[in-house]
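>>> Got a predicted structure plus its sequence, pasted below:
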Amino acid sequence: MAILVLGGAGYIGSHTVYELIDAGREVVIADNLETGHIEAVHPKAKFYQGDIRDRAFIDSVFDNEPIDGVIHFAANSLVGESMVDPLKYYDNNLCGTKVLLESMVAHNIGKIVFSSTAATYGEPERVPILETDRTKPTNCYGETKLSMEKMFQWTSAAHGLRFVSLRYFNACGAHVSGKIGEAHSPETHLIPLILQVPNGQREKISIFGDDYDTKDGTCIRDYIHVTDLAQAHILAMDYLMAGGENNIFNLGNGVGFTVKEVIDTARKVTGHPIPAETVPRRAGDPAQLIASSDKARSVLGWNPQHADLEEIISTAWNWHKNHPNGFAK
Ligand code: UFG
């Protein structure tokens, strides 16, 4: 039996495939390569290029492969883009998931692990954030992910499919082998943007606001290594295989770092002075996002192995300095 990884050529998807294959699982990938990279596809995984909005395509994968469970990363994930082009997010994230679920129900495939986000909470009422806290997204990306979670709930109630939703905090870092890593275009995330400075691709890093109510005035985030996220997907699939009920888990280290602390750590790791300049706040950024991941630890037995920020940034730097243009040759 095989696991189908939708979006397995993307950043978190490709790292999850590497961990699944290391764990001896059979893996089938489907990816439309809109934001994923063919070079990130693990050589031992079977690869199909296609789009989850295409019912005939997704049906053909289920018809041809012995799929036991699905891990679903196939979505657009840029907060800023979702605000200027919300219908793109409704189309890919929601319409795509609708077609996928129709096909899963028709093929009697009953287990799905889903890539969700801290953006489902919006501005938190308190930190650390619990899974039971209020969900009130402040951007369209988070809204579509929350709607996808609800789509799973109602489909589960009607058709018996079971799901686990994993709400990631700030995914970062790269595979320890240096073979795969983060490669977005355009890049919007803090750590890869910082590392463009020592890589000679950017003169300085912009700090989006230093007047937040935090210890040094800059935003606090919970940075979680992509391989630790990948491990959580395997544990979540095993939980469903063992008969586990529908569930939602936060994934973070439970420790927050300010933007300035992240820049300082990158200076230490790279040995580069990395000039920084404060610019106005970016719209929609909450001051603090820190996860309580106690539930994932106790129910799934999740135990992040790369919690140290210096180690996280070292793995990212190892990737970016050797692949300054991502996967591009
Ligand atoms: N930041 C800067 N300068 C930059 C880029 C980012 O100061 O050049 C700051 C941001 O303002 C934020 C922090 O660095 O305070 C982290 O920003 P990222 O863009 O790396 O990540 P976000 O916290 O905005 O986004 C993450 C996930 C999203 C998710 C969101 C939930 O990447 O998928 O958390 O709010 F939706």
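Perfect, thanks for sending it.
>>> got the contact list for Trp317?
By Cβ atoms under 8 Å, 6 or more residues apart in numbering, the contact set of Trp317 is 195, 198, 266, 269-270. Every residue, glycine included, has its C-beta placed from N, CA and C.
>>> Contacts only, for Gly160.
Contacts for Gly160 (Cβ under 8 Å, 6+ apart) come out as Gly110.
>>> any idea how far the most centrally placed residue in the chain is from Pro275?
Most central in the chain under Cα atoms, centre = their mean is Ile12, positioned 5.2 Å from the mean C-alpha point. Distance check for Ile12 against Pro275: by Cβ to Cβ, to the nearest Å, it reads 30 Å.
>>> before we move on, back to that, so what does the residue nearest to the centre of the chain look like in phi/psi?
phi -80, psi -30 (degrees, to the nearest 10).
>>> for Ile67, same thing?
Dihedral angles (degrees, to the nearest 10) for Ile67: phi -80, psi 130.
>>> In terms of secondary structure, what does the helix or strand harbouring Ile194 contact?
Assigned by DSSP states H and E, Ile194 belongs to helix 190-195. Under the contact definition 3 or more Cβ pairs under 8 Å, 6 or more residues apart in numbering; DSSP states H and E, helix 190-195 sits against helix 259-270, helix 309-322.
>>> In the last one, which residues are buried?
Which is helix 309-322. For helix 309-322, burial by neighbour count (16 or more other Cβ atoms under 10 Å) applies to 309, 311-320.
>>> go on, the first one?
Using 16+ other Cβ under 10 Å as the burial criterion, the residues of helix 259-270 that qualify are 259-267, 269-270.
>>> which of those residues lies closest to the ligand?
Closest approach to the ligand among these (Cβ to the nearest ligand atom): Val259, at 4.4 Å.
>>> Which residues are in contact with the closest one?
Contacts of Val259 (Cβ under 8 Å, 6+ apart): 190, 207-208, 218-219, 221.
>>> residues contacting the nearest residue to Arg281 once chain neighbours are set aside?
Excluding its sequence neighbours, the residue lying closest to Arg281 (Cβ to Cβ, 6 or more residues apart in numbering) is Gly209, at 3.4 Å. Gly209 is in contact with 217-219, 278-282, 285, counting by Cβ under 8 Å, 6+ apart.
>>> Understood, closing this out.
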